[in-house]
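1. Model the following, please.
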Amino acid sequence: MKRIYDIKTGQDEVVELTAEEETIRQADIANAEAEKTAEENAKTEKENLKASAKSKLIAGEPMTEEEANVLVGV
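-> This is a model prediction of the structure:
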């Protein structure tokens, strides 16, 4: 359902979505969920790299370039 508001008349109307609009809506929802999952995965990966780099730094072990970049904020 969608709401249509006519500013000139002040009428507020609720109508069903067309098949095309519903398809677009479902695709938008799926894309938003995929983006959210990708962002969460990237955040988790960065946190894991940071933890790995910190433990290697404490242990005196060599870090990968990616771990070093995470520590210095690059």
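2. alpha carbons only for contacts and neighbour counts from here, please
-> OK.
3. Now the top helix by length along the chain: average pLDDT?
-> Secondary structure of the chain per DSSP state H: the longest helix is helix 19-59. Averaged across helix 19-59, pLDDT comes to 95.
4. How far does it sit from its chain's centre?
-> The chain centre lies 5 Å from the centre of helix 19-59; the measure is Cα atoms, centre = their mean, to the nearest Å.
5. Identify the residues contacting the helix or strand following it?
-> Later in the chain than helix 19-59, the nearest helix or strand by DSSP states H and E is helix 65-72. Here helix 65-72 makes contact (Cα atoms under 8 Å, 6 or more residues apart in numbering) with Lys46, Leu49, Lys50, Ser52, Ala53, Lys54.
6. same thing but at 7 Å, please
-> The contact list for helix 65-72 (Cα atoms under 7 Å, 6 or more residues apart in numbering) reads Leu49, Lys50, Ala53.
7. Can you give me the buried ones in it?
-> Neighbour-count burial for helix 65-72, counted by 16 or more other Cα atoms under 10 Å, picks out Glu67, Ala68, Val70, Leu71.
8. residues near Lys50, how many?
-> Residues near Lys50, counting by other Cα atoms under 10 Å, number 19.
9. so which of the buried residues of helix 65-72 comes closest to Ile29?
-> Taking Cα to Cα as the measure, Ile29 lies nearest Val70 of those, at 31.8 Å.
10. Please report the distance of that closest one from Lys43.
-> According to Cα to Cα, to the nearest Å, Val70 and Lys43 sit 12 Å apart.
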